[in-house]
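Undergrad: Pasting a predicted model and its sequence here:
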Amino acid sequence: MAQQYKQPNFAQRFSNFFLNTGQTIYKALVMDMALPAGGVNNDNLFGNQGTGTTNATIGTTQAITHGLGVIPLTSDIQLTPTATGILYLDAANPPTATTFNVLSSVASQNFAWKIITNGPGNS
């Protein structure tokens, strides 16, 4: 019986190629791609993506779990609001190895997030 053609997961292959090179110069390219399910965790790059909602009270910080196990720089965190409003990282509560904190100009603002970081030391 003939095998059914299955299109390769080109995004996954592209992601694996660049992430496994260990070259930090490729981080900007990876930020524009979809990350593999379960995120990325290797010797040189760590990454994950998800969605979140800000606090129902305007001006109240909301912790979002990223689960990377390393502390990302704030510049490594990409936020994309899915509704009207201003969304930003809470500078008074910097990211940790498990969470980052957000604030919004509107209550309960939905957003997407993505983090690609060089991991420990962020070199």
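TA: Cool, got the structure.

Undergrad: Just the helices from the chain, written as ranges.
TA: 10-19, 27-31 (DSSP state H).

Undergrad: Run through this protein and note the low-pLDDT ranges.
TA: 1-44, 119-123 (pLDDT under 70).

Undergrad: let's see 80
TA: 1-45, 118-123 (pLDDT under 80).

Undergrad: Residue 115: neighbour count?
TA: With neighbours defined by other Cβ atoms under 10 Å, the count for residue 115 comes to 26. C-beta: built from backbone N, CA, C; applies to glycine.

Undergrad: same check, this time on residue 48
TA: Residue 48: 21 neighbours (other Cβ under 10 Å).

Undergrad: measure it to residue 84 for me?
TA: With the distance defined as Cβ to Cβ, to the nearest Å, residue 48 ends up 26 Å from residue 84.

Undergrad: And for residue 114?
TA: 21 Å.

Undergrad: Looking at the two now, which is surrounded by more residues?
TA: Comparing residue 114 with residue 84 by other Cβ under 10 Å, the one with more neighbours is residue 114, at 21 against 8.

Undergrad: which one is that one nearest to, not counting chain neighbours?
TA: Nearest non-adjacent residue to residue 114, counting by Cβ to Cβ, 6 or more residues apart in numbering: residue 49, 4.1 Å away.

Undergrad: residues contacting the nearest residue to residue 84 once chain neighbours are set aside?
TA: Among residues not flanking residue 84 along the chain, residue 106 sits closest, at 7.0 Å (Cβ to Cβ, 6+ apart). Listed by Cβ atoms under 8 Å, 6 or more residues apart in numbering, the contact set of residue 106 reads 54, 58, 83-86.

Undergrad: Of those, grab the buried ones for PyMOL.
TA: With 16 or more other Cβ atoms under 10 Å as the criterion, this PyMOL line picks the buried residues out of the contacts of residue 106:
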select buried, resi 54+85
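
Undergrad: Let's have the contacts of residue 106 in a markdown table, adding distance to residue 96.
TA: Output for those, formatted as a markdown table (distance: Cβ to Cβ, whole Å):
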| residue | distance to residue 96 |
| --- | --- |
| 54 | 18 |
| 58 | 23 |
| 83 | 26 |
| 84 | 29 |
| 85 | 25 |
| 86 | 23 |
